[in-house]
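Q: Sequence isn't available, so here's the structure alone:
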């Protein structure tokens, strides 16, 4: 049986970062009393999680507008730092989202990344493996050692999405010419034939 880090509901559930823009580590963090669980994940995973969670809430809102708020309640704004010390439980791999109509809650499960998933990401040439190959590997997945399970009310889910979007937007600005992130010292812009561009003032 996997170790279950269950929060139903957490007192606090947020995404946050450690480090400077361009070298940030992203964390999902749930807290209940003195118990804190921090799970590392990639920026792209945060982006997808926020988008899918927002889509799920919008879909439920169509049939239950009294249950799901259209926007995050102002009083649930959370701009505070992550809880310290940050001790990584595991690195996130697969995540699942669901709606529990009996309790009117969003259910999020986060599973650790497995060796199979790491191998499946790229082949020996560094190219992404196709989705069918990844799916075939996932069918042989052993049971995970631990799972983060979070159940939150729709209003808290909206607040989570709002903070996640703010955290994502606080990274490096994108170059208006090539779209790549701009480091504080500038970057080599492919659209400018290698000339170094800085963040426009």
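A: Sure thing, it's come through. Note that this is a predicted model, so its numbers are computed, not measured.
Q: what's downstream of the biggest helix by length in the chain, the next helix or strand?
A: If you go by DSSP state H, the chain has its longest helix at helix 43-63. Following helix 43-63 in sequence order, the next helix or strand is strand 88-100 (DSSP states H and E).
Q: Could you break the protein into its assigned domains?
A: 3-170, 175-201 (automatic domain parsing).
Q: Deepest in the core, which of those domains is it.
A: domain 3-170 (a mean of 15; mean count of other C-beta atoms under 10 Å). Where C-beta positions appear, they are placed from N, C-alpha and C, glycine not excepted.
Q: who does the longest helix of the chain touch, helix- and strand-wise?
A: If you count contacts as 3 or more C-beta pairs under 8 Å, 6 or more residues apart in numbering; DSSP states H and E, helix 43-63 packs onto strand 12-18, strand 25-32, strand 88-100, strand 105-112, helix 154-169.
Q: ok and the fourth one relative to strand 25-32, angle-wise?
A: Strand 105-112 and strand 25-32 meet at an angle of 130 degrees, taking axes from the mean of the first three to the mean of the last three C-alpha atoms, to 10 degrees as the criterion.
Q: what pairs with strand 105-112, and is each one parallel or antiparallel?
A: Strand pairing for strand 105-112, using DSSP bridges, gives strand 88-100 (antiparallel), strand 146-152 (antiparallel).
Q: what angle sits between the first one and helix 43-63?
A: Here strand 88-100 runs at 20 degrees with respect to helix 43-63, directions being taken by the same axes, to 10 degrees.
Q: on that earlier part again, out of the strands paired with strand 105-112, which comes closest to residue 25?
A: With C-beta to C-beta as the criterion, residue 25 lies closest to strand 88-100 of the strands paired with strand 105-112, at 8.7 Å.
Q: So which residues make contact with the closest one?
A: 5, 27-28, 37-42, 45, 49, 52-53, 56, 60, 105-114, 117, 138, 145-146, 148, 151 (C-beta atoms under 8 Å, 6 or more residues apart in numbering).
Q: who are the neighbours in contact with the spatially closest residue to residue 10 that is not a sequence neighbour?
A: Distances taken as C-beta to C-beta, 6 or more residues apart in numbering put residue 30 closest to residue 10, at 4.3 Å, once the chain neighbours are dropped. Shown in contact with residue 30 (C-beta under 8 Å, 6+ apart): 5, 7, 10, 12-13, 36-37, 148, 150.
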